[in-house]
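Undergrad: Take a look and give me a structure for this.
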Amino acid sequence: MMHHMATDLAVKTRDIVIAAVLSVLGIGLMVLNVADPAVGGNASILAVPTFLVLTAPLAWRRAAPTTALAATFAALLAHVALFGFMTRCGVILPAVFILVFANATFLDLRPALLGLALAFAVVVLLSVTDRQIAIVDAPLFCGLSAAFWGIGRLVRSRSRLVDALDVQTDELRSARDERARLEVATDRARLSVELEGLLQRRLGELARIVDAAPSDGDPRAATASLAEIERQGRHTLEQLRAVVGVLRNEPGDAPTAPPPTLTHLDAMLVRVKGADARLTVEGNPRALPAGVELSAYRIVEHLLGALDDRRDVDVRVRFAGDALELTITGSSGRGSRGAIERARERTRLHHGSLKAIVRDGRIEAVALLPVATAS
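TA: Numbers count the residues shown, from 1 in each chain. This next block holds a predicted model:
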């Protein structure tokens, strides 16, 4: 990431390796220079170890690229003054190209331009003091330095663009998760209002039944009143389950169509993931309580939102004796965490469980909803 490249001033192992490789090549080159009678008497054996001063700055190509180039120029000037004309271009030129690329990649425009100017200075000095190249070659090597500098600027620009896209992606993911949390809070608020109204109505009806019960101690009348209270109580529980069952219904206008059930899964799967998505039903399919069917549909819908747009989606619905098991597998997509949390909220409404495993870019989620055998 560009942000990391711009702020991390530590010398990396890779930088040390690059410096070590060119140092070994430089020592070999100096040995050849000392052994070459044509070089002259100035090429003493001291030219070999002192050449390391020219290659050592490569270790700081990331931490301080401009300083490394300045140090290379100063070291080359001193080496020429001490040992005169000899072949150095085979090591110095690659070092200059690496350093000027680092200047363009890791620094802003002004210090990067300063690094380019230092690279030109090294090339010109090398051209007038090297036995293998001449001053007429300076424009060529300056052009190559400029080319490496330009490539470094392109790399920097692309890295900054990638960083910006990553930041925007993180912001969108956070906004999506926040929206999921707000949806849960909105549904809970709506549920509390519906529950309050329902309880007030049902408790009022039970109070009227108690008030209407005869006070003469007739056992049959008392039994009938208790039976009616029990019937009304059961009816109240069923209504409460229905209200809880629509807790995670999508916000918006009140729906006019019947709530979706498990029989609508196939159409929803094709609509969301395409005809290649697979739906498998196991066990003994049967009608379940409305709240359970709606929650099962919503759980599958939320978990499908956790998958990407690939077609390798598999949904399995298994009717067990006392539970409904939903298994959804496919490739993980962006925002999967928020979608899984919404599905988990649904399972908790029915005292169920949801386990989601993400491995090698794939999600396998298993939701278990208890179903009363008497339903």
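Undergrad: roughly how far is the helix or strand where Leu154 lies from the heart of the chain?
TA: Under the criterion of DSSP states H and E, Leu154 resides in helix 138-212. Computed by Cα atoms, centre = their mean, to the nearest Å, the chain-centroid distance of helix 138-212 equals 13 Å.
Undergrad: Give the full set of residues in contact with the nearest residue to Ala104 once chain neighbours are set aside.
TA: For Ala104, ignoring the flanking residues on the chain, the nearest one in space by Cβ to Cβ, 6 or more residues apart in numbering is Gly152 at 2.7 Å. Using the backbone N, CA and C atoms, a C-beta is placed for each residue, glycine as well. The contact partners of Gly152, taken as Cβ atoms under 8 Å, 6 or more residues apart in numbering, are 100-105, 112.
Undergrad: okay if I get those as CSV plus secondary structure, pLDDT and distance to Ala20?
TA: Shown next, in CSV, are those (DSSP: H, G, I helix; E, B strand; the rest coil; pLDDT from 0 to 100; distance: Cβ to Cβ, whole Å):
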residue, secondary structure, pLDDT, distance to Ala20
Val100, helix, 95, 20
Phe101, helix, 95, 19
Ala102, helix, 93, 17
Asn103, helix, 93, 21
Ala104, helix, 93, 23
Thr105, helix, 92, 21
Ala112, helix, 93, 26
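Undergrad: Quick check: mean pLDDT of stretch 332-348?
TA: Averaged across stretch 332-348, pLDDT comes to 82.
Undergrad: Stretch 88-98 too?
TA: 94.
Undergrad: just stretch 11-31 next, same as before
TA: Across stretch 11-31, the average pLDDT comes to 91.
Undergrad: Give me the neighbour count for Ala189.
TA: 10 (other Cβ atoms under 10 Å).
Undergrad: Now do it, the pLDDT please.
TA: 72.
Undergrad: And for Val371?
TA: 84.
Undergrad: again, but for Ala207
TA: Confidence score, pLDDT, at Ala207: 65.
Undergrad: Output the contacts of Gly152 as JSON lines; include the columns distance to Ala70 and neighbour count.
TA: Below are the contacts of Gly152 laid out as JSON lines (distance: Cβ to Cβ, whole Å; neighbours: other Cβ atoms under 10 Å):
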{"residue": "Val100", "distance to Ala70": "12", "neighbour count": "32"}
{"residue": "Phe101", "distance to Ala70": "16", "neighbour count": "23"}
{"residue": "Ala102", "distance to Ala70": "13", "neighbour count": "28"}
{"residue": "Asn103", "distance to Ala70": "11", "neighbour count": "26"}
{"residue": "Ala104", "distance to Ala70": "16", "neighbour count": "26"}
{"residue": "Thr105", "distance to Ala70": "18", "neighbour count": "24"}
{"residue": "Ala112", "distance to Ala70": "14", "neighbour count": "21"}
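Undergrad: what's the spacing between stretch 325-343 and its chain's center?
TA: Worked out by Cα atoms, centre = their mean, stretch 325-343 lies 15 Å from the chain centre.
Undergrad: now do stretch 263-275
TA: 28 Å.
Undergrad: Just the CA coordinates for that stretch, please, in CSV.
TA: Provided in CSV are the C-alpha atoms of stretch 263-275 (Å, rounded to 0.1, in the frame of the first residue of the first chain):
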residue,chain,number,x,y,z
THR,A,263,-42.3,-22.9,-1.0
HIS,A,264,-41.1,-19.5,-2.3
LEU,A,265,-37.4,-20.4,-1.8
ASP,A,266,-36.9,-21.8,-5.2
ALA,A,267,-38.2,-18.7,-7.0
MET,A,268,-36.1,-16.4,-4.7
LEU,A,269,-33.0,-18.5,-5.3
VAL,A,270,-33.3,-18.2,-9.0
ARG,A,271,-34.1,-14.5,-8.8
VAL,A,272,-31.1,-13.7,-6.6
LYS,A,273,-28.4,-16.2,-7.8
GLY,A,274,-29.6,-17.4,-11.1
ALA,A,275,-30.7,-20.7,-12.5
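Undergrad: low pLDDT regions in the stretch 151-300 of the chain?
TA: Judged by pLDDT under 70, the stretch 151-300 of the chain has its weakly predicted residues at 187, 190-191, 194, 196, 198-200, 202-204, 206-218, 221-222, 225-227, 230-258.
Undergrad: burial of Trp60, as a residue count?
TA: 21.
Undergrad: I'd say Val371 and Gly291 touch.
TA: No. Val371 is beyond contact range of Gly291, at 10.7 Å (criterion: Cβ atoms under 8 Å).
Undergrad: Kindly tell me how buried Arg61 is, as a neighbour count.
TA: 25.
Undergrad: So which elements touch the helix or strand containing Ile299?
TA: Ile299 belongs to helix 290-305 when assigned by DSSP H and E. With contacts defined as 3 or more Cβ pairs under 8 Å, 6 or more residues apart in numbering; DSSP states H and E, helix 290-305 has these neighbours: helix 219-245, helix 265-273, strand 314-319, strand 323-331, helix 336-349, strand 362-370.
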